[in-house]
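Visitor: next one to model:
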Amino acid sequence: MSTPEQDAIIGRTLREYGESKKKLAALYAEAERIGNDLTGVGHALRTSHSLAGVPGFSRFDPAEFPTVDHLVSLASEIERARTDKTRLATILRDAGHQIPD
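Guide: The predicted model follows:
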């Protein structure tokens with residue numbers, strides 16, 4: 001394999017790694033948002049047995065609340081994204097690149 005071909009492969013892998021990091025960050029942000037919402041609802045039910053104290057709950061649309069299927073799907077997608085990021089990082093490290101995590 002020629003040096004330009006190797007450089008092209010490494011360049012593509014670096015780009016994919018960057019995209020993988022961005023995707024994982026977005027998935028983490030979504031998980032954190034949902035977790036915070038669920039924590040707020042849980043806390044309100046646990047402490048006051050009411051949802052009146054949950055910020056934004058008065059305009060809550062039940063159709064927007066995450067389903068168990070969505071939560072399972074999100075967790076699976078996060079795991080796939082982590083695996084992909086690790087795979088790409090390994091390729092880059094093996095090629096001699098230092099990867100900041």
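
Visitor: just checking, what packs against the helix or strand harbouring Glu79?
Guide: Here Glu79, judged by DSSP states H and E, is contained in helix 68-94. For helix 68-94, the elements it packs on are helix 3-48, judged by 3 or more CB pairs under 8 Å, 6 or more residues apart in numbering; DSSP states H and E. Backbone N, C-alpha and C define where each C-beta goes, glycine included.

Visitor: pull the distance from the helix it packs on to the chain's centre.
Guide: 2 Å (CA atoms, centre = their mean, to the nearest Å).

Visitor: for it, name the packing helices and strands.
Guide: With contacts defined as 3+ CB pairs under 8 Å, 6+ apart, helix 3-48 has these neighbours: helix 68-94.

Visitor: list the buried residues of the helix holding Glu79.
Guide: Using 16 or more other CB atoms under 10 Å as the burial criterion, the residues of helix 68-94 that qualify are Ile78, Ala81, Asp84, Lys85, Leu88, Ala89, Ile91, Leu92.

Visitor: from Gly96, how far out is the fourth one?
Guide: The span separating Lys85 from Gly96 equals 19 Å under the rule CB to CB, to the nearest Å.

Visitor: pLDDT value on Pro55, please?
Guide: Per-residue pLDDT puts Pro55 at 69.

Visitor: any stretches of this structure with poor pLDDT?
Guide: Within the chain, the stretches with pLDDT under 70 are 53, 55-61, 101.
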